[in-house]
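Colleague: from the sequence below, what's the structure:
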Amino acid sequence: MTVGFSGDVAEYYAKFRRGYPPQALDALQTAFALTTDDIVLDLGCGTGQLAVPLASRVGSVIGMDPEPDMLRLARDTAARHDVRNATWVLGADSDVPALSELMGQRSLAMAVIGQALHWMDHGELFRALSPLIRPGGGIAVVANGTPLWLQDDEWSRSLRACLEDYFGTKLEASCGTGASDRLRYGQALEAAGFEGVREIVIEYSDELSFDQLIGGVYSAIPADELPEPDARPAFAERIRQSLPPDQYFTEDVAVSVLVGRLR
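Modeller: Coordinates of the predicted model:
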């Protein structure tokens, strides 16, 4: 997995990417009967939005990401929350087999992958994770809502049109959040030997200010495509002018927790 979410993009990611509702953490804990003796892996952990709150529910968390800037900010977040049972590892999905050396004789209770999964070879990854996971443990694929520019709302459609015009490309990929993506992931989990594959969905609404919206957009743009700092005010104003004249934008969020367990 090589993406390029470094530098300012990582900073926007830490500040503006939403966290996960407690119900999603409850679903993960219930699905794999997680205890304070367990080790869990958050692969593609970003700046720690999931790894940090998970840490209070388990023995230890391994947060793994290929971007050093993401891990630096994850460490900062963990320190602010006094999380001391997290280990931050530089690595991509192709490095997963090497985790066995880090864990010694112990096994993972859960490997959780967020929307970074769409950058990975998910079939190969699920097979590589299987021997690292204890009986009764498994894999969770978590999608934290549809991208801001693909929602069923006037402001989202306007945002999408503006971004497509600016970048000169169609924005159609759901980043692993679409129904067809979830189906493919579920089938791949079953093919890798995981059982009881099911999806838990948590829905809620949130209101975004324009600053939150534009920050969320910046957090999703690869570093080599992010407008330069002196060009960002004009970029933001271009988006602002394309949107309805609202102070807040209602986002309907559907968090999907797709789980599969080992016998």
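Colleague: for the rest of this, base every contact and every neighbour count on C-alpha atoms.
Modeller: Fine.
Colleague: run through the protein and note the low-pLDDT ranges.
Modeller: Within the chain, the segments meeting pLDDT under 70 span 1-3.
Colleague: against residue 120, how distant is the residue most central in space within it?
Modeller: Central residue of the chain (CA atoms, centre = their mean): residue 114, 3.3 Å from the mean position. Separation of residue 114 from residue 120 (CA to CA, to the nearest Å) stands at 11 Å.
Colleague: same check on residue 15?
Modeller: 24 Å.
Colleague: quick one: end-to-end length of stretch 170-182, please.
Modeller: 22 Å.
Colleague: tell me which residues touch residue 219, please.
Modeller: 5, 9, 10, 11, 12, 13, 16, 17 (CA atoms under 8 Å, 6 or more residues apart in numbering).
Colleague: neighbours around the residue lying closest to residue 147 once chain neighbours are set aside, how many?
Modeller: Take residue 147 and drop its neighbours on the chain: the residue closest to it by CA to CA, 6 or more residues apart in numbering is residue 174, 6.8 Å away. The tally of other residues near residue 174 (other CA atoms under 10 Å) stands at 17.
Colleague: please apply the same query to residue 207.
Modeller: That count, for residue 207 with other CA under 10 Å as the rule, works out to 13.
Colleague: which residues touch it?
Modeller: Counted by CA under 8 Å, 6+ apart, residue 207 has contacts 248, 249, 250, 251.
Colleague: pretty sure it is in a helix, no?
Modeller: No - under DSSP: H, G, I helix; E, B strand; the rest coil, residue 207 sits outside any helix and is assigned strand.
Colleague: give me the phi and psi for the residue nearest to it when sequence neighbours are not counted.
Modeller: Excluding the flanking residues, the one nearest residue 207 by CA to CA, 6+ apart is residue 250, at 4.5 Å. Residue 250 adopts backbone torsions of phi -80, psi 130, taken as degrees, to the nearest 10.
Colleague: for the stretch 1-150 of the chain, which segments count as helices?
Modeller: Remark: helices assigned in the stretch 1-150 of the chain by DSSP state H, counting those that start in this stretch are 8-16, 22-31, 51-54, 68-80, 99-103, 122-129.
Colleague: tell me which of these sits most buried.
Modeller: helix 51-54 (a mean of 23; mean count of other CA atoms under 10 Å).
Colleague: who touches that one?
Modeller: So helix 51-54 is contacted by 25, 42, 45, 61, 62, 63, 74, 77, 78, 81, 83, 86 (CA under 8 Å, 6+ apart).
Colleague: now do the same contact list for the closest residue to the last one other than its chain neighbours.
Modeller: In this case it means residue 86. The shortest distance from residue 86 to any non-neighbouring residue, by CA to CA, 6+ apart, is to residue 61 (4.7 Å). Going by CA under 8 Å, 6+ apart, residue 61 touches 39, 40, 41, 42, 51, 54, 55, 85, 86, 87.
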